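Novice: kindly return the folded structure for what I paste below:
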Amino acid sequence: MSNLPNAVHPPWCLRGPDCVGPNDLHRSRLIGTANRGDEVIQVRIGLWQMDVGPTPPSGLLLELSAGCDVESWPIDLAQSRSLAHLSQRLVRQLGPDSIRAA
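Specialist: The predicted structure is shown next:
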């Protein structure tokens with residue numbers, strides 16, 4: 001994987017087994033969002049891009065886990081932008097008493 005040309009990979013790609021053939025799926029390192037580490041549902045976020053078509057789809061990759069159950073959800077760029085905007089707006093509506101882990 002590391003022997004593929006740099007032009008083939010986005011600069012943030014980890015060059016895993018998913019990005020070595022046709023319709024490559026590039027993933028970035030996932031960043032944890034846990035504040036304390038004892039949250040029931042752990043959330044990590046990163047980037048993804050798939051090499052298909054003239055305009056490769058890309059966006060945010062959400063990973064949700066509870067114990068050993070892990071699910072990854074690629075969200076396209078348009079929805080990622082909307083999610084970022086809407087989540088900020090919704091979080092502002094929560095009062096300071098709402099800050100506690102689920």
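
Novice: parallel or antiparallel, list what pairs with the host helix or strand of residue 61.
Specialist: Element membership of residue 61 [criterion: DSSP states H and E] is strand 58-66. According to DSSP bridges, strand 58-66 forms sheet pairs with strand 42-50 (antiparallel), strand 69-76 (antiparallel).

Novice: what's in contact with it?
Specialist: By C-beta atoms under 8 Å, 6 or more residues apart in numbering, the surrounding residues in contact with strand 58-66 are 27-28, 30, 40-50, 70-80, 83. C-beta coordinates here come from the backbone N, C-alpha and C atoms, glycine included.

Novice: buried among the residues you listed? Need that as a selection in PyMOL.
Specialist: The following PyMOL line selects those of the contacts of strand 58-66 that are buried, judged by 16 or more other C-beta atoms under 10 Å:
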select buried, resi 27+28+30+42+44+46+47+48+49+50+74+75+80
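
Novice: low pLDDT regions in the chain?
Specialist: 1-7, 99-102 (pLDDT under 70).

Novice: which residues in it form helices?
Specialist: Remark: helices assigned in the chain by DSSP state H are 77-92.

Novice: residue closest to the middle of it?
Specialist: residue 61 (2.1 Å; C-alpha atoms, centre = their mean).

Novice: show me the beta-bridge partners of that one.
Specialist: residue 46, residue 74.

Novice: span of stretch 57-77 from start to end?
Specialist: With C-alpha to C-alpha, to the nearest Å as the measure, stretch 57-77 spans 7 Å from end to end.

Novice: partners of the closest residue to residue 18 other than its chain neighbours in the sheet?
Specialist: Closest residue to residue 18 apart from its sequence neighbours, by C-beta to C-beta, 6 or more residues apart in numbering: residue 25 at 4.2 Å. Legend: beta-bridge partners of residue 25 under DSSP bridges are residue 50.
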